[in-house]
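Undergrad: Sequence first, predicted coordinates after that:
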Amino acid sequence: MSLHWSVPFNRAAFGVTPVGTASLERLDEDALDCRDPAQKAACAARVDPDRLTRGSRYDVGNRMAVLRYRPRLWRERLGLDARAFVAQYRVAYRPLALVVPTDLLPGGVSVTEDYTATRTGLSLDSDVALPWGVRLIGGGELFYDHMPLDIARWRAGPSAFEGGQISGAPCPPATSDNPCPVVVHFAANRLTGGLFVSGERRLPGQLVLNAAARLQLYGGQRALDPVVLFSGAAVWSPTPRWNLKANFAEGFRPPSLLKTDSGNTVSWIGNPELKVERSRALQGEVNVRLLANHEGIRLIALRADYAYTWVSNFIQLNQGRFENVSSIGLHSAELLARLQLKRGQSFTLGYSFVDGATNDQGKLRSQPNQWLTLQALLPLWQERLFLSSNLTVVGGFDDPNRRGAGTSTLFTGRMANGVPAASPVLTGGFADQTLDSVGPTVGWNAGLRYLLADQRLRLAVDVYNLLDQRSFQANGFLELAAGLEPVPNPYYGVSAIGSVELTL
């Protein structure tokens with residue numbers, strides 16, 4: 001029996017707002033000394049003297065606890081793996097700038113948001129070895145998702161809410177502490193249950209066949225239609241060093257509660273009629289052991305695989321609303337080299353390639369299609385302290401953006417020769433579009449594992465983005481139509497997660 005608990009420690013600052021203007025932590029006007037009579041006029045022209053929308057912070061965390069029981073029964077022929085778990089996903093903006101300060105909107109507009117979504121559930125997996133080379137695996141799961149009501153609390157100067165509107169949009173009736181109580185997402189819940197069974201048979205000639213089926217059922221406020229899935233695979237080992245694999249698999253992804261129940265006034269519009277995404281994939285794989293148990297080397301192995309995947313009922317944004325709108329075809333290939341040493345060190349070098357297209361927009365250009373990864377696991381002290389490292393190079397991509405048809409000028413806190421200076425700002429254009437080229441980036445994650453009490457207690461710390469790369473996140477499979485963001489959003493900086501696992 002084991003208990004696993006993890007808590008994140010990460011924080012990030014946004015570099016842009018959802019409407020695309022840089023949410024700067026510092027403005028030129030902040031350097032003014034308003035006690036100096038000579039700077040009195042410049043101080044009077046400040047657009048954000050109270051820093052209403054500055055210091056935008058984004059706190060995100062996944063808190064998780066798992067209780068696990070794994071016995072072996074029936075002379076080791078029957079294995080059980082039972083789990084009870086609770087996971088929480090928390091998002092907090094304190095604040096998130098929506099409109100930066102200008103002379104037309106002093107103080108700008110920002111929103112404070114803090115909510116926690118929770119998943120609680122049980123799962124049971126089992127495996128049993130039967131005569132004639134047959135092995136059965138089966139199990140089920142049941143979990144409950146709950147997302148609470150989230151109402152945004154606005155931060156802005158009084159002029160932002162004049163006439164019961166904010167940035168031209170009507171506000172709901174104000175409350176004593178919230179001048180514009182807009183719903184970010186409504187309360188929603190879903191109960192999910194699943195059953196699966198998988199059978200494997202070893203045949204003469206080093207051939208293994210596998211077939212599996214899964215039934216997925218839903219209930220609660222956001223229940224979905226049942227999903228039935230099938231898969232099959234064959235593995236052939238012509239020699240002890242080589243094995244060839246071919247398989248067919250079906251997959252699914254239910255729409256998240258955030259996509260079904262988002263409010264209709266902030267960012268995206270939810271759609272409670274969304275269907276489950278479905279996928280089908282064909283894959284071929286070759287594995288070869290080049291060297292095994294030779295001097296200080298335990299293993300040198302190579303793997304190559306190719307897959308083609310069809311995705312239907314794909315969920316994407318369509319004019320600001322989530323819809324099942326298109327299907328996708330994806331080609332993917334991977335090369336992997338693995339080196340294991342007898343002293344415990346392990347190194348992996350991998351290359352991945354993905355190329356895809358949708359049936360309505362053509363080739364996917366807003367996602368990277370190449371990745372190069374170098375991983376290492378190093379024992380540091382007495383098989384108790386381990387260091388893991390993951391260095392990833394991600395290829396470039398094109399970011400689809402809207403470009404304005406013209407420009408205007410606004411005072412946005414910039415100074416020139418000691419006086420406020422106007423800045424050019426693109427005005428909105430709904431037909432003009434461009435594709436920004438975003439270059440390759442490098443990410444480095446590392447972690448430490450420490451084993452105590454005869455390895456029954458495991459302490460871990462994982463640090464992400466050690467190079468603090470503020471690289472730009474890809475636009476996903478979002479539509480190429482005019483969007484709100486004229487620049488891609490940067491990822492957050494360094495973050496860390498600590499975890500504890502106790503085995504009883």
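TA: Yes, it's here. Model, not experiment: these values are computed from the prediction.

Undergrad: can you give me the helices for the protein?
TA: Defined through DSSP state H, the helices belonging to the chain, from first to last, are 40-44, 257-260.

Undergrad: Centre of the chain to the last one, how far?
TA: This points to helix 257-260. Centre-to-centre, helix 257-260 and its host chain are 15 Å apart (Cα atoms, centre = their mean, to the nearest Å).

Undergrad: Now tell me what touches that helix from outside.
TA: Helix 257-260 is contacted from outside by 117, 145, 147, 185, 188-190, 222, 268, 270-272, 274, 315, 322, using Cβ atoms under 8 Å, 6 or more residues apart in numbering. Quick note: C-beta positions are derived from backbone N, CA and C, even for glycine.

Undergrad: can you do 6 Å?
TA: With contact meaning Cβ atoms under 6 Å, 6 or more residues apart in numbering, helix 257-260 is reached by 147, 185, 188, 222, 270, 272, 274, 322.

Undergrad: next one: the first one
TA: Under the criterion Cβ under 6 Å, 6+ apart, residues 32, 34, 419 lie in contact with helix 40-44.

Undergrad: In PyMOL, how would I select the buried members of the residues you listed?
TA: In PyMOL, this line selects whichever of these come out buried by 16 or more other Cβ atoms under 10 Å:
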select buried, resi 32
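
Undergrad: Let me have the contacts of helix 40-44 in a markdown table, extended by pLDDT and distance to residue 226.
TA: A markdown table is the format used below for these (pLDDT from 0 to 100; distance: Cβ to Cβ, whole Å):
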| residue | pLDDT | distance to residue 226 |
| --- | --- | --- |
| 32 | 91 | 64 |
| 34 | 93 | 66 |
| 419 | 82 | 68 |
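
Undergrad: Kindly compare burial across the helices of the chain and name the winner.
TA: Comparing these by mean neighbour count (mean count of other Cβ atoms under 10 Å), helix 257-260 ranks first with a mean of 21.

Undergrad: mind saving the C-alpha coords of it as PDB?
TA: Output in PDB follows, covering the C-alpha atoms of helix 257-260 (Å, rounded to 0.1, in the frame of the first residue of the first chain):
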ATOM      1  CA  LEU A 257     -16.200  21.100 -18.300                       C
ATOM      2  CA  LEU A 258     -14.500  24.400 -19.100                       C
ATOM      3  CA  LYS A 259     -15.400  23.900 -22.700                       C
ATOM      4  CA  THR A 260     -19.000  23.000 -22.000                       C
END
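
Undergrad: In TSV: the contacts of helix 40-44, plus distance to residue 345.
TA: Compiled in TSV, those are given as follows (distance: Cβ to Cβ, whole Å):
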residue	distance to residue 345
32	57
34	61
419	62
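
Undergrad: what residues are up against residue 370?
TA: With contact set as Cβ under 6 Å, 6+ apart, residue 370 has these partners: 353, 395.

Undergrad: and residue 442, what pLDDT?
TA: According to the prediction, residue 442 has pLDDT 93.

Undergrad: wait, doesn't it sit right on residue 394?
TA: No. When contacts are counted by Cβ atoms under 6 Å, residue 442 is not listed as touching residue 394 (7.7 Å).

Undergrad: Counting neighbours, go ahead and name the busier of these two.
TA: Legend: neighbour count by other Cβ atoms under 10 Å for residue 442 and residue 394, higher for residue 394 (21 against 12).

Undergrad: and the closest residue to residue 269 other than its chain neighbours, how far is that from residue 262?
TA: Closest residue to residue 269 apart from its sequence neighbours, by Cβ to Cβ, 6 or more residues apart in numbering: residue 321 at 4.2 Å. With the distance defined as Cβ to Cβ, to the nearest Å, residue 321 ends up 9 Å from residue 262.

Undergrad: Same check on residue 282?
TA: When Cβ to Cβ is applied, the distance between residue 282 and residue 262 equals 35 Å.

Undergrad: ok, the two, which is more surrounded?
TA: More crowded of residue 282 and residue 262, by other Cβ under 10 Å: residue 262, with 23 against 13.

Undergrad: dump the residue contacts of the more buried one.
TA: Neighbours of residue 262 in contact, by Cβ under 6 Å, 6+ apart: 185, 268, 270.

Undergrad: Closest one to residue 361 out of those residues, please.
TA: Nearest to residue 361 among the contacts of residue 262, counting by Cβ to Cβ, is residue 268 at 18.5 Å.

Undergrad: Count residues in the vicinity of the closest one, would you?
TA: 16.

Undergrad: for residue 437, same thing?
TA: Under the neighbour criterion other Cβ under 10 Å, residue 437 is assigned a count of 9.

Undergrad: can you give me the strands for the stretch 301-450 of the chain?
TA: 321-341, 346-358, 362-363, 370-381, 385-394, 397-402, 407-416, 419-426, 433-438, 441-452 (DSSP state E, counting those that start in this stretch).

Undergrad: Tell me the gap between the first one and the middle of its chain.
TA: With Cα atoms, centre = their mean as the basis, strand 321-341 stands 15 Å off its chain's centre.

Undergrad: What is that strand packed up against?
TA: Contact analysis of strand 321-341 by 3 or more Cβ pairs under 6 Å, 6 or more residues apart in numbering; DSSP states H and E lists strand 297-318, strand 346-358 as its packing neighbours.

Undergrad: run the last query once more with 10 Å
TA: On a contact count with 3 or more Cβ pairs under 10 Å, 6 or more residues apart in numbering; DSSP states H and E, strand 321-341 meets helix 257-260, strand 277-294, strand 297-318, strand 346-358, strand 370-381.

Undergrad: Format the ones you listed as TSV; extra columns: mean pLDDT and distance to residue 242.
TA: Listed next are the helices and strands packed on strand 321-341 as TSV, based on pLDDT from 0 to 100; distance: least, Cβ to Cβ, whole Å:
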stretch	mean pLDDT	distance to residue 242
helix 257-260	93	44
strand 277-294	96	5
strand 297-318	94	10
strand 346-358	95	20
strand 370-381	96	24
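
Undergrad: For these, give me JSON lines that also has distance to residue 459.
TA: Rendered in JSON lines, the data for the helices and strands packed on strand 321-341 read as follows (distance: least, Cβ to Cβ, whole Å):
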{"stretch": "helix 257-260", "distance to residue 459": "33"}
{"stretch": "strand 277-294", "distance to residue 459": "32"}
{"stretch": "strand 297-318", "distance to residue 459": "27"}
{"stretch": "strand 346-358", "distance to residue 459": "21"}
{"stretch": "strand 370-381", "distance to residue 459": "13"}
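
Undergrad: Looking at the ones you listed, which one is packed in the most?
TA: Ranked by mean neighbour count, with mean count of other Cβ under 10 Å as the criterion, the helices and strands packed on strand 321-341 are topped by helix 257-260 at a mean of 21.

Undergrad: For burial, what's the neighbour tally of the residue lying closest to residue 107 once chain neighbours are set aside?
TA: Using Cβ to Cβ, 6+ apart and skipping residues adjacent in sequence, the residue nearest residue 107 is residue 157, 3.5 Å away. Using other Cβ under 10 Å, residue 157 is surrounded by 18 other residues.

Undergrad: need the contact list for residue 157.
TA: For residue 157, the residues meeting the contact criterion (Cβ atoms under 10 Å, 6 or more residues apart in numbering) are 47-48, 50, 52-53, 101, 105-109.

Undergrad: Can you select the buried ones among these for me in ChimeraX?
TA: To isolate the buried subset of the contacts of residue 157 in ChimeraX, counting by 16+ other Cβ under 10 Å, use the following:
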select :47,48,52,53,101,105,106,107,108,109
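
Undergrad: Restricted to strands, list the contacts of residue 157.
TA: With strands defined by DSSP state E, the entries of these inside them are residue 109.

Undergrad: Alpha carbons only: can I get stretch 137-149 in PDB?
TA: Backbone C-alpha positions of stretch 137-149 (Å, rounded to 0.1, in the frame of the first residue of the first chain) are rendered in PDB as follows:
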ATOM      1  CA  ILE A 137      -6.000  -7.800 -17.900                       C
ATOM      2  CA  GLY A 138      -9.200  -6.100 -16.800                       C
ATOM      3  CA  GLY A 139     -10.500  -3.400 -14.600                       C
ATOM      4  CA  GLY A 140     -12.600  -0.300 -14.200                       C
ATOM      5  CA  GLU A 141     -12.700   3.200 -12.900                       C
ATOM      6  CA  LEU A 142     -15.300   5.600 -11.400                       C
ATOM      7  CA  PHE A 143     -14.600   9.300 -10.800                       C
ATOM      8  CA  TYR A 144     -16.500  12.600 -10.200                       C
ATOM      9  CA  ASP A 145     -15.500  15.900 -11.700                       C
ATOM     10  CA  HIS A 146     -16.700  19.200 -10.200                       C
ATOM     11  CA  MET A 147     -16.100  22.700 -11.400                       C
ATOM     12  CA  PRO A 148     -17.400  25.600  -9.200                       C
ATOM     13  CA  LEU A 149     -19.100  28.800 -10.300                       C
END
